[in-house]
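# Mind looking at a prediction? Sequence and model below.
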Amino acid sequence: MSNGTTDPTPIPDVTERLGYRLKRAAAALRGAMDKALREYGLTVPQYACLELLDQQPGLSNAELARGTFVTRQSMNVVLRGLKDAGLITRAATTDHGRALPTHLTEDGHRRLAAARSAVYAIDEKMTGVLPAKRLAALLADLDRMAETLGG
């Protein structure tokens, strides 16, 4: 390397790298959620948006984008789909700033409640293979890793 550091010892099999394993688990989770949510007419970002709005009504596009790990432009598409489906409402104007608060409609609450059990079952299946103590340690380790990388 030109910056004076030495290359780390390569791992002969890339599938043994932590990043690879995290990506594999994330892809498996996403695939299971995509399949389950299709039954409810939702995508994973739409579901995540509904969950956030249920917990924190009135979030803005930017806040929802950060909370669901998508760009603001992608969140615009997500919100448009949810609004067209009658699952959210957004104010046309706001009293302060430019952020337009978003809220779930009654249909949004019902759709979320229906889809939630399918998503929670996937989470239980995934975490159920770990003893409770190991799960708590894993969650703490993942939080530390994300913080180390600025996430």
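Cool, the structure landed. Numbers count the residues shown, from 1 in each chain.
# Name the residues of stretch 142-151 that come out as buried.
Across stretch 142-151, burial judged by 16 or more other C-beta atoms under 10 Å covers no residue at all. In this view, the C-beta of every residue, glycine as well, is placed from N, C-alpha and C.
# Contacts only, for the residue minimising distance to the centre of the chain.
Computing the C-alpha centroid of the chain and ranking residues by C-alpha atoms, centre = their mean puts Thr68 first, at 4.4 Å. Counting by C-beta atoms under 8 Å, 6 or more residues apart in numbering, Thr68 touches Pro45, Ala48, Cys49, Leu52, Met75, Val78.
# Wasn't the second one part of a strand?
This points to Ala48. No - counting by DSSP: H, G, I helix; E, B strand; the rest coil, Ala48 falls outside a strand, being helix.
# Tell me if I'm right that it and Ser74 touch.
No - using C-beta atoms under 8 Å, Ala48 makes no contact with Ser74, being 11.5 Å away.
# These two: which has the busier surroundings?
Set Ala48 next to Ser74 and count neighbours by other C-beta atoms under 10 Å: Ala48 wins out with 19 against 13.
# since we're on Arg17, how many residues are nearby?
12.
# And it, how far from Met126?
Distance from Arg17 to Met126, counting by C-beta to C-beta, to the nearest Å: 20 Å.
# Need the phi and psi values for Ala85.
Backbone torsions of Ala85, given as degrees, to the nearest 10, read phi -80, psi 0.
# how about the helices in this protein?
Per DSSP state H, the chain carries helices over the ranges 18-38, 44-55, 61-68, 72-84, 106-127, 132-148.
# Skipping its backbone neighbours, what lies nearest Arg21 in space?
Thr15 (7.6 Å; C-beta to C-beta, 6 or more residues apart in numbering).
# What score does that neighbour have for pLDDT?
For Thr15, the model assigns a pLDDT of 87.
# same question, Ala140
We have a pLDDT of 95 for Ala140.
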